[in-house]
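Undergrad: coords please:
(one chain, ligands or ions: 1)
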Amino acid sequence: MLQKSNPYMRQSNLIGGEWVKADSGATLDVTNPANGQKLGTVPKSGKAETRRAIEAADKAFKTFKKTTANERSKMLRKLHDLILENQDALAELLTLEQGKSLAEAKGEVGASAAYILWFAEEARRTYGDVVPSPWADRRIIVTREPVGVIAAITPWNFPSSMLARKIGPAIAAGCTTVVKPASQTPYSGLAWGVLCEEAGIPAGVVNILTGSAGEIGDEICANPMVKKITFTGSTEVGKILIEKSAATVKKVSMELGGNAPFVVFDDADIDRAVEGAMVAKYRNSGQTCVCTNRFFVQAGVYDAFVEKFAAASAKLKVGAGLDAGVQQGPLIDGKAVEKVEELIGDATAKGGKVVTGGKRHELGGSFFEPTVIAGATPDMRFMKEEIFGPVAPVFRFETEEEAVALANDTEYGLACYFYSSDLGRVFRVMENLKYGMVGVNEGLITTPEAPFGGVKESGLGREGGHQGIEDYLDTKYVCIGGL
Ligand code: ADP
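TA: Take a look at the predicted model:
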């Protein structure tokens, strides 16, 4: 249990402005991945609770859609201020349930605030159009209206900021929401309920419930009151949600898996590339969908890059996220550790060489050593599979064409990175990479001002940027005749 109480920790669902338990009284345990200790419980909700949350959101929508953009913008600004005023408490809760270092947790909470502020600003810019009419006696007007009830399902790796990117545009557009956070990290999700109440966001606008993913997901997909699903998580679950929501033709926004390549050309600034590689690989202990999965390094700089990258990796401080100076927290659970071990075993059996790390950390539990593997080849499993852990396979290549072909050889298309100082090559490669986001000489590119999202099986839609509010708005064409 928590040592001291955290003002943002709630162990109930928020439905229509009431904090309530599951109908059956059943609960799920929530544990701290740094030590396996129980932090508390959350309701194990199912279809009935989900239906009530949807009904509460639908009821609230009837009045919330009539608020002005300026009113909603003010609510979001208040929400932003509250997040920053309580950044430490929110970050502590995040680290306790998720494991990431306190510094990273504070960063994530700061990012949540930044997204909310961005959408507070965007709320007032959902312009429509007046279109030149082909008829002398008619006018053409195009307006934007809130979609309605939105269901948001989020993962455990960024339990705070993934909701900022969904709740923010929903409120900005005038939509209401039903939120289901991941069962491993529900408290950062439920904390949004407390924050929204404090910010004066009306009851029923944000409803949050925890519990059975399958039951909650099925009700969300089947219920015609839900007009849109916004999901961040695995491609596998995303496909299920797309398929099931076809029955009620919902809008879908999907932020799914990635298999990010990080390409270093002979003409790159190697020290800069190593610096970028460290963030692009080890942020959140490698557990982000934009984390590098495959490093491709040109033959001329291969050995130098591997040596410097391995040396920097070996220096990372691994430990419990709340401990001072820690840079790498534990992995989310034992299954994540087993997956990483399997992938390393597969690589070494096929000739890969562990340059640093390679095994469970001496701290035990789900701590793992930052690992660099040289001599990676396309027949190894991490060419196709998401690692989601602190393991960096480094492949060698000879030509630009080969690098681009290897980088694109995946069904995913979320983020990619490459390092080069040749201007012509920068443009050629940037244009040939089939990805939604490209970091050129940069390893960390996410920001509220830019559209985050993928192509191919990495997803549909964008979060952030001026595009981030689009999927929360319907377009209405009005033809006024008889002038
Ligand atoms: P991850 O591998 O990151 O845990 P998942 O896609 O399994 O990704 O989970 C992301 C979110 O989707 C979590 O909130 C999880 O509970 C939820 N989820 C998992 N399975 C389903 C499902 N069948 N229907 C709806 N939501 C689901």
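Undergrad: show me what residue of the stretch 251-400 of the chain gets nearest to the ligand.
TA: Using CB to the nearest ligand atom, the single residue of the stretch 251-400 of the chain nearest to the ligand is F388, 7.5 Å away. Yep, even glycine has a C-beta here, placed from its N, CA and C like the rest.
Undergrad: quick one: neighbours of that residue, just the number.
TA: 24 (other CB atoms under 10 Å).
Undergrad: list the contacts for it?
TA: F388 makes contacts with 286-287, 291, 336, 339-340, as judged by CB atoms under 8 Å, 6 or more residues apart in numbering.
Undergrad: any idea how this structure splits into domains?
TA: Following the TED database, the chain resolves into domains at 13-256+458-477, 260-440.
Undergrad: which residue comes closest to M430 once chain neighbours are left out?
TA: Using CB to CB, 6 or more residues apart in numbering and skipping residues adjacent in sequence, the residue nearest M430 is V438, 5.4 Å away.
Undergrad: how far away is the one you found from the ligand?
TA: Per CB to the nearest ligand atom, to the nearest Å, V438 is found 23 Å from the ligand.
Undergrad: got the contact list for whichever strand or helix holds that residue?
TA: Assessed by DSSP states H and E, V438 sits inside strand 437-440. Contact with strand 437-440 is made by 276, 280, 290, 414-420, 426, 430, 445, 450, 452-454, as judged by CB under 8 Å, 6+ apart.
Undergrad: near T126, how many other residues are there?
TA: For T126, the count of nearby residues is 20 (other CB under 10 Å).
Undergrad: check G482 too.
TA: G482 has 5 neighbours, counted by other CB under 10 Å.
Undergrad: what about the residue sitting nearest the centre point of the chain, distance to the ligand?
TA: A centroid search over the chain (CA atoms, centre = their mean) returns M162, at 4.7 Å, as the residue closest to the centre. M162 is 9 Å from the ligand, where distance means CB to the nearest ligand atom.
Undergrad: I'd like the next helix or strand past the helix or strand hosting that residue.
TA: Assigned by DSSP H and E, M162 belongs to helix 161-173. Using DSSP H and E, the helix or strand that directly follows helix 161-173 along the chain is strand 176-180.
Undergrad: pretty sure D303 sits in a strand.
TA: No: counting by DSSP: H, G, I helix; E, B strand; the rest coil, D303 is not part of a strand but helix.
Undergrad: for it, report the pLDDT, please.
TA: For D303, the pLDDT comes out at 98.
Undergrad: that one: how many residues sit nearby?
TA: Neighbours of D303 (other CB under 10 Å): 12.
Undergrad: if we can go back for a sec, quick one: contacts for the residue lying closest to the residue nearest to the centre of the chain once chain neighbours are set aside?
TA: Using CB to CB, 6+ apart and skipping the chain neighbours, the partner closest in space to M162 is T154 (4.3 Å). By CB under 8 Å, 6+ apart, the contact set of T154 is 162-163, 166, 179-182, 189, 231-233.
Undergrad: swap in 7 Å and give it another go.
TA: 162-163, 181-182, 189, 232 (CB atoms under 7 Å, 6 or more residues apart in numbering).
Undergrad: returning to that earlier point: buried set for the strand holding V438?
TA: Going by neighbour count (16 or more other CB atoms under 10 Å), the buried part of strand 437-440 is 437-439.
Undergrad: with distance to R10 and pLDDT as extra columns, can I get these in CSV?
TA: Rendered in CSV, the data for these read as follows (distance: CB to CB, whole Å; pLDDT from 0 to 100):
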residue, distance to R10, pLDDT
M437, 34, 98
V438, 40, 98
G439, 37, 98
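Undergrad: can you map out the helices along this protein?
TA: 47-64, 69-85, 87-98, 102-122, 161-173, 186-198, 213-222, 235-245, 270-282, 302-314, 334-349, 400-408, 423-432 (DSSP state H).
Undergrad: one step back: any idea which of the contacts of T154 is closest to the ligand?
TA: Among these, and counting by CB to the nearest ligand atom, the member closest to the ligand is A182, at 3.8 Å.
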